[in-house]
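Participant: Attaching a predicted model along with its sequence, questions to come.
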Amino acid sequence: YRSLRGKKTEDMIFSGSDGRARLGMASVTLVLDNSDKWMPIDFSEVTIARRAYRSGENEYYLNGSRVRLRDVAELLARGGMSRQTYTVIGQGMIDRVLSLHADERRLLFEEAAGIIFHRQKRADALSKLTTTQDNLLRLNDIAQEIAPQLRRLEKQAERAEEFALIKTHLEGLLRVWYGYRWGQSQHKLSEVTARQHESDRLLAEQRRQLSRMGLEIDALRTEQTEARAQLSLWYSENNQLTKRAEAIQRELAVNEERARQYAAQRDEILAELEPLTGQLDEQIRQIAAAEQALQTINEELSQAQETLHVRQSQFEAHQAQQREMVVRRDAAETQVRQLTTELTQRRTRLSQLAERRETLLAEQQGRAEELARLQAQQQELEERQAQLTARLSELDGDILALETEQGQQRDALSQLNRSAEELKNQLAALSRREDALKARLDVLDKLRNEMSGYYSGVRAVMDPEAGLAGVIGPVSQIIQTPTDLEVAIEVALGGRLQDVVVERFADAEAAIAHLKRTGRGRATLLPLDTIRAGQPLEAPSTPGVIGVASALVSVAEGRLHRVAEYALGRTLVVDDLPAARRAFQAMHGGFQIVTRDGELMRSGGSVTGGRASNKQQEGTFLAREREWRLLPEQIDAVAQEQAGLSTRLADVHDQTGAVRQALQDLAERHKQHHQRRQELQSLTEKVSRSVAQVANSLSWQHDLTTKSATELAQLDQRQADDQQRIVELEQSHEAAVAEAERLTQEAESMSAESLLAQLNQAKTDAAAVQARQTNQQTILDNHRATHRQLAVQIDTKQARANTLAAEREALLSQQTDVQGQVGQFDEQLGQLGEKIQASEQSLAELEAKQVQVQHDERHLRQRVQRMEADHNRLTLESARSQDELDNLQRQIHDDLGLVQLEMSKDQVGQPILPLGSDLPVVEVLPPGVEEDVKRLKVQVRRLGSINPEAPREYAELRERHQFLTGQISDLEAAVTDLREVITRLDTAMAEAFTETFQQVAQEFKNYFSMLFGGGEAQLILTDPDNMLETGVDIVARPPGKRLQNLALLSGGER
């Protein structure tokens, strides 16, 4: 805005006038002809517009479309119209360019080459690369942090599933157990409450009687308190009178002693006044004598000071004459020294000029020989420089071929690395899947071994420690069901899922005897030699019929097929309830029909259906057994797939190793070529410097020859001038020495020793008189101070004597009044003694009566305390019963949630609102329930803390980890792309800079020769191996001069 004489955006917007309102923005549009496509855009005419608003916001438009300022700048830069593309040459510009540092001068060449845009692009790419690498590092850190959490949550999810299975069985047993305990606790609370009510009634009656006796005791205590209060007042009054009488007696004694002391002190003061008066008169006489002596000394001091003044004036006049003579003598001596010094310098320089002339003649003869040698050396070096340049060009071609081959190998290595990374990710995913399958198999093995979810009797029969023979297993482990029919078959089997299959009837008898002996519950046993299947069911041909259940399942062994016939031979499986109704109408006899979703219809016409309210899926036993059978095959399949991927990964690693080795070989060859090139480059530069040095030396030798001839002519002239000046100086030196000797003799004849002695004696006499005056004044001041002190002491002692006499008279008058008060206090003390004796007798009678009443009250209180103890015991027992009931209610709530409980009329607290679940009323606890509850709780405790949200959290975290893994892969690809972009930009900038530098260097050399009419100059690179950072330096040699730095050129040459 400065070109338009503005400071901010608002200055560019029309502010309004009398005829027009102010505008809200300012707009400018630039139309450029692009018919020859000098800008990289598919338009023959380009319109660039800018809008500035009062808020400071700016908008930019390109052919009517809103763009960023950066987009406009990049478009113009690509077309060669950026701000740095052109340089305006003004006053002082060339001098500033020549004064720049080599690195700063490079910017001018970058502007001319038009690579500023590329450098900005490179800076942006480097910034994006840094940001991308930072993001990649953060994503890797997050992924590494998530991985341990993922494994931990996976284990937690497996434990949560196992916990849910155990909890389902535990809740059923807890309902029976808590129903029994709830009834027992309520019965106990009712009994304790009845006994507590009877105790309350008896205790209230005894407390009323105790209250009446307490009121009587309080009345007696009130009377005693009043009597004691009156007695206390009389005691207090008696004590006060006694204290006042004693105080008056003490006051009489004190006053007598004080009057005696006052008289003695006055006598002592009067005795001290007489000697002080005599001392005062003596001090007055001494002061008068000291004043007379001081006056005499002052007169002597005035006379001595006058004599000193006279002697001082005489001495100062003589000193002034002597100083004038010394100044004249010093000036003459100084002139002699100056002439001597100049004469010595002239003679020394004349000798040096002769030596310098002989040296110049010898140097001229040596320079002629050196010129011939340098010309031969210059020709030899130029031939050597041409050979080295040819060898450098050949090496550059070899290095370029090696770099091309390296790029191809790097691309192959990058592709192999990506393949290896993909294989590693697949292997990691398979490893995680294998770990998950193995963990699931371990959980299922544990549940299967512990018989989790089975009845206690079934677990007792299946326990290996029981040592029962012929036990095959429960029906749920024998029958194998298709996945889509698991729910239907499990509903059809119902309780028979936990029936235990044994070999013989004798084995069943042994198992039942074991259960009776251990009391561990009941179990249904299926001996293979006694069970009989019913008449096989014929499936009707109605729509939706799947088949007879026994034909749809399989068993591990053929001899166990009769178990399937026994359990499922009369069960028909259909698709849904309408199909079941159709099949029901076509069937006869005893049977049951089950649908895929688990609805059950029996031959009597009843229908059972619905869905469990808990989160556990139906078909738990059969699904668990199926999963347990299939997991080993799945684990083997995953292991085989891992082996195949590992083989492929090993192949990729082998190929990667081969490519890396090839890259190392190429790098080594490139390094060797580069070293050879550096050696040749160094040698070439060394030869070039030698050529320049030889040229400089030749020019320098020519210059020195010319200068020597000129200097010889000058030396001859200077020798003649110095010889004539020496003769003149010798004559002046002789005259100056004679004048200095004359002035020295006159100065020595003048002496001031007698005047100085008289002046010192006058100063000594004046100082002695001054010291006597000071001493006498000190004596006079001491006498006057002593006089003042004696006068003050006399006045003080006289005033003190008068004060003591007045105070003694006042004390004698006060003694007469105090003696009259003593008789009155003795009469009052006798009257108070009679009243105190009568009151003490009445108080003793009240205390005796109170003792008797308190004795009766104490016996009654002890009886009440015993009753209160019994009552408190019953209250505590009732509270404990209530607490036990509350604790039991909290346990029920913790273990079963909110259930409806049966409340007794004596139970304290607000009853729980009716809920959908009721706790059963159990009069007699079934055997084995408590042991089963304890065992299941132990299993739950062994599982430790359970995170119910673990499955959901595991799924979410796994999804997030997979997302992060994908993001990391994308960022790694972006890093590779950015590095390729930077490499391409570096190549483009190096090529453009090299081309521009060569052109400018040639033109600079031509213009230099044209402007100077000869000479030579060249532009050189400070670091030719690094074309992206090298500086540009200038070497110049005007005609007739040796090669020199730019700073040594004159203003016109610059």
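Facilitator: Cool, the structure landed. Numbers count the residues shown, from 1 in each chain.
Participant: Got the domain ranges for this structure?
Facilitator: As assigned by automatic domain parsing, the chain contains the domains 1-80, 454-639.
Participant: The longest one: end-to-end distance?
Facilitator: End-to-end span of domain 454-639 (CA to CA, to the nearest Å): 34 Å.
Participant: Check the offset of that domain from the chain's centre.
Facilitator: 64 Å (CA atoms, centre = their mean, to the nearest Å).
Participant: Also stretch 130-149?
Facilitator: Remark: stretch 130-149 is offset 19 Å from the chain centroid, using CA atoms, centre = their mean.
Participant: Could I get the CA-only coordinates of that stretch as PDB?
Facilitator: In PDB, the C-alpha atoms belonging to stretch 130-149 read as follows (Å, rounded to 0.1, in the frame of the first residue of the first chain):
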ATOM      1  CA  THR A 130       9.100 -33.500   9.100                       C
ATOM      2  CA  THR A 131       5.400 -33.300  10.100                       C
ATOM      3  CA  THR A 132       4.700 -36.700   8.500                       C
ATOM      4  CA  GLN A 133       7.700 -38.300  10.300                       C
ATOM      5  CA  ASP A 134       6.500 -36.800  13.600                       C
ATOM      6  CA  ASN A 135       3.000 -38.100  13.000                       C
ATOM      7  CA  LEU A 136       4.400 -41.500  12.000                       C
ATOM      8  CA  LEU A 137       6.500 -41.600  15.200                       C
ATOM      9  CA  ARG A 138       3.400 -40.700  17.300                       C
ATOM     10  CA  LEU A 139       1.300 -43.300  15.500                       C
ATOM     11  CA  ASN A 140       4.000 -46.000  16.100                       C
ATOM     12  CA  ASP A 141       4.100 -45.000  19.800                       C
ATOM     13  CA  ILE A 142       0.300 -45.200  20.100                       C
ATOM     14  CA  ALA A 143       0.300 -48.600  18.300                       C
ATOM     15  CA  GLN A 144       3.000 -49.900  20.600                       C
ATOM     16  CA  GLU A 145       1.000 -48.600  23.600                       C
ATOM     17  CA  ILE A 146      -2.200 -50.300  22.400                       C
ATOM     18  CA  ALA A 147      -0.600 -53.700  21.700                       C
ATOM     19  CA  PRO A 148      -0.100 -54.700  25.300                       C
ATOM     20  CA  GLN A 149      -3.600 -53.400  26.100                       C
END
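Participant: can you list the residues that contact that stretch?
Facilitator: Leu957, Arg960, His961, Leu964, Thr965, Gln967, Ile968, Leu971, Glu972, Ala974, Val975, Leu978 (CB atoms under 8 Å, 6 or more residues apart in numbering). The C-beta positions use only the backbone N, C-alpha and C, and glycine is treated the same way.
Participant: Neighbours of Glu877, how many?
Facilitator: The number of residues packed near Glu877 is 17, by other CB atoms under 10 Å.
Participant: secondary structure element for it?
Facilitator: Assessed by DSSP states H and E, Glu877 sits inside helix 822-896.
Participant: and the angle for the helix or strand following that helix with helix 822-896?
Facilitator: With elements assigned by DSSP H and E, the helix or strand that comes after helix 822-896 is helix 929-943. Angle, helix 929-943 to helix 822-896, by axes from the mean of the first three to the mean of the last three CA atoms, to 10 degrees: 100 degrees.
Participant: Just want the angle from the longest helix seen in the chain to helix 822-896.
Facilitator: Secondary structure of the chain per DSSP state H: the longest helix is helix 116-450. Inter-element angle recorded for helix 116-450 and helix 822-896: 80 degrees (by the same axes, to 10 degrees).
Participant: Report the distance from helix 116-450 to the chain centre.
Facilitator: The answer for helix 116-450 is 18 Å, by CA atoms, centre = their mean.
Participant: shouldn't Arg624 be in contact with Asp445?
Facilitator: No - Arg624 lies out of contact with Asp445 (CB atoms under 8 Å); the separation is 10.9 Å.
Participant: Neighbour count for those two, which is higher?
Facilitator: Arg624 (20 against 12).
Participant: Show the pLDDT at the more buried one.
Facilitator: Note on Arg624: pLDDT of 75.
Participant: Kindly report the same for Thr85.
Facilitator: You'll see Thr85 listed with a pLDDT of 58.
Participant: before we move on, what about Val1000?
Facilitator: 90.
Participant: same deal with Ala757?
Facilitator: Confidence score, pLDDT, at Ala757: 69.
Participant: for Glu538, helix, strand, or coil?
Facilitator: Recorded secondary structure, Glu538: coil (DSSP: H, G, I helix; E, B strand; the rest coil).
Participant: following the longest helix of the chain, which helix or strand shows up next?
Facilitator: Moving toward the C-terminus from helix 116-450, the next helix or strand (DSSP H and E) is helix 456-462.
Participant: Need the residues that contact that next one.
Facilitator: Against helix 456-462 from outside (CB under 8 Å, 6+ apart): 450-451, 454, 466, 468, 471, 473-474, 498, 500, 511, 514-515, 518, 520-523, 525, 928, 931-932, 935.
Participant: What residues sit buried inside it?
Facilitator: Using 16 or more other CB atoms under 10 Å as the test for burial, helix 456-462 gives Ser456, Gly457, Val458, Arg459, Ala460, Val461, Met462.
Participant: Could you report the neighbour count for Glu299?
Facilitator: Neighbour number of Glu299 under other CB under 10 Å is 9.
Participant: Next: Leu273.
Facilitator: Neighbour number of Leu273 under other CB under 10 Å is 13.
Participant: Which residue is the nearest non-sequential neighbour of it?
Facilitator: Spatial nearest neighbour of Leu273, chain neighbours left out: Lys797 (5.7 Å); criterion: CB to CB, 6 or more residues apart in numbering.
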